[in-house]
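[1] Give me coordinates for this.
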Amino acid sequence: MINFLDLFAGAGGLSEGFIEAGYSPIAHVEMDPAACNTLRTRTAYYWLKNNGKEEIYKSYLEGKITRDEFYRIIPKIELDKVIQSEISDKTINVIFERIDNQLDGKTVDLIIGGPPCQAYSVIGRARDENHMQGDQRNYLYRYYAEFLNHYRPAYFVFENVVGLLSARDKAGKRYLDSMIEKFHDCGYVIHFEKIQAKKYGILQNRVRVILVGKYIGVEAVESGSSKILKEEGSDFYPVLEKRPDLEKYTINDLFADLPAIPAGGGKPELTETNGILASQYLTEVKIQDHPGLPVTFHVARPNKKQDLEIYRIAVNDWNNGHERLKYTSLPENLQSHNNKTAFLDRFKVVAGDEHCAQTICAHLAKDGHYYIHPDIKQNRSITPREAARIQTFPDNYYFESICGKPSRTYAYKQIGNAVPVYLAFCIAKAMKKNFPDK
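    Numbers count the residues shown, from 1 in each chain. All right, here's what the predicted structure looks like:
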């Protein structure tokens, strides 16, 4: 079994893909309390599944037992795999101690994860008056390096936004170059590439930078016998399997078996599918690879009357001519935003007849204007479950809140910040060639 450590874990999209590929998590480190609860619930699910007790998980999803009652059933050592903590100078040694306690004689073979991306993103820099220079999140990779030094895994997988390729510090140096040099000093050679999720079976226009490091030893680095790999090929970088066979599927295929609901409709606890035969796509990318468990969070946010009228126009424009709505083309009485020179595509349909949705992001937690459902009869923004399907989360993946009650807002945020699970699975599957003895 290949053991991995997940840093800046979020709701677990990256680690879920690695678990599905047969890897075993030692620990997940994350500071957001709601995301940590999601990780605990998923950890509990796997323990129950491995022990033939999935009915308990089903009872929890159906609301028959509380979260506290649910967690009391799970061994503490399992729930302790989730370490809720900011990674900082003050906390890092405590985190090391907690992870070391989880190891129980095992080694960390792989570290995965990527720091929060807002500081590197192009949009984030455009909106910030200082272009995110000086933002401490730019330097979280230094803590990642501390974990590499402490555990010296054979490999690491570091994920982040494409903006990482251009983000620079006040001196004009790319953070990416500083990052690579830091990881190189830890004894790693590094290769990175831009990965387009849509090439590998994900119905989403999501592009990310994936760095992979291979440990060769600090001595080899210091001797100058190694090189930092950037554009060159490498024998350790995962070659992902492209899935042209999945290009025939559309967003309509992804949503087909979910019941039609209006704005404000649905329920977070449990949804029965509508009887329409589910698309083969859902099983191909493991969204419905866990039969017999409820589908949750198919619940739509309520919308203002004005927004619903804009949604109707946006969907009609798309359905009747494949035209995207331009904000300034709306009737004057619907143009309530002062900014009429930028973000004119702020209302956008997730086109049902397309093979690729726009990038799912955490802004969904604030409003759904950029993610309008393609069915004009439903006239709403997409639900957390629909967003989770675009992100290829399994249907039985439950997104927790802080208080224990279902929350659309927390779910949207966690889903938007995640790595698509099936993309993580493809990376994990391709990485296995680097662990022939595991």
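
[2] was I right about residue 78 contacting residue 47?
    Yes. In this structure, residue 78 sits in contact with residue 47. The criterion is CB atoms under 8 Å, and the distance is 4.9 Å. (C-beta placed from N, C-alpha, C; glycine too.)

[3] who's more crowded, the two?
    The neighbour comparison of residue 78 against residue 47 (other CB atoms under 10 Å) goes to residue 47, with 19 against 16.

[4] Checking the more buried one next. Helix, strand or coil?
    Following DSSP: H, G, I helix; E, B strand; the rest coil, we place residue 47 in the helix state.

[5] got a list of what it touches?
    With contact taken as CB atoms under 8 Å, 6 or more residues apart in numbering, residue 47 is in contact with 74-75, 78.

[6] Mind pulling up the pLDDT for it?
    We note a pLDDT of 98 for residue 47 in this prediction.

[7] State the distance from it to residue 148.
    29 Å (CB to CB, to the nearest Å).

[8] do the same with residue 327
    Taking CB to CB, one finds residue 327 at 46 Å from residue 148.

[9] okay, those two: which has more neighbours?
    In terms of neighbours (other CB under 10 Å), residue 148 is the more surrounded of residue 327 and residue 148; the figures are 22 against 19.

[10] roughly how far out does stretch 59-66 sit from the chain middle?
    25 Å (CA atoms, centre = their mean, to the nearest Å).

[11] Quick check: buried residues in that stretch?
    Neighbour counts using 16 or more other CB atoms under 10 Å place 60-61 of stretch 59-66 among the buried residues.

[12] What of stretch 333-349?
    By neighbour count on 16+ other CB under 10 Å, the buried set for stretch 333-349 is 347-349.

[13] Other residues contacting that stretch?
    Surrounding stretch 333-349, the residues in contact under the criterion CB under 8 Å, 6+ apart are 306, 309-311, 313-315, 318, 324-328, 358, 369-374.

[14] Show me where this protein dips below the pLDDT cut-off.
    Under the criterion pLDDT under 70, the flagged ranges of the chain are 117-138, 222-233, 269-277.

[15] would you list every one of the strands in it?
    Taking DSSP state E, the strands of the chain run over residues 3-7, 24-30, 82-84, 110-113, 155-161, 188-196, 207-215, 266-267, 298-299.

[16] For those strands, give me TSV that also has distance to residue 249 and mean neighbour count.
    Putting these into TSV (distance: least, CB to CB, whole Å; neighbours: other CB atoms under 10 Å) gives the following:
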stretch	distance to residue 249	mean neighbour count
strand 3-7	29	24
strand 24-30	30	23
strand 82-84	34	21
strand 110-113	28	25
strand 155-161	24	24
strand 188-196	17	20
strand 207-215	20	21
strand 266-267	23	17
strand 298-299	20	22
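
[17] I'd like a version of those strands in CSV, one that adds distance to residue 289 as further columns.
    As requested, these are arranged in CSV below (distance: least, CB to CB, whole Å):
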stretch, distance to residue 289
strand 3-7, 20
strand 24-30, 18
strand 82-84, 23
strand 110-113, 21
strand 155-161, 22
strand 188-196, 22
strand 207-215, 23
strand 266-267, 23
strand 298-299, 18
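
[18] Out of those strands, the one nearest residue 415 is which?
    strand 298-299 (12.8 Å; CB to CB).

[19] So what are the sheet partners of that closest one and their directions?
    Each strand that strand 298-299 pairs with, and the sense of that pairing, follows from DSSP bridges: strand 266-267 (antiparallel).

[20] got a list of contacts for the strand it pairs with?
    Outside strand 266-267, the residues that touch it by CB under 8 Å, 6+ apart are 259, 298-300, 383.
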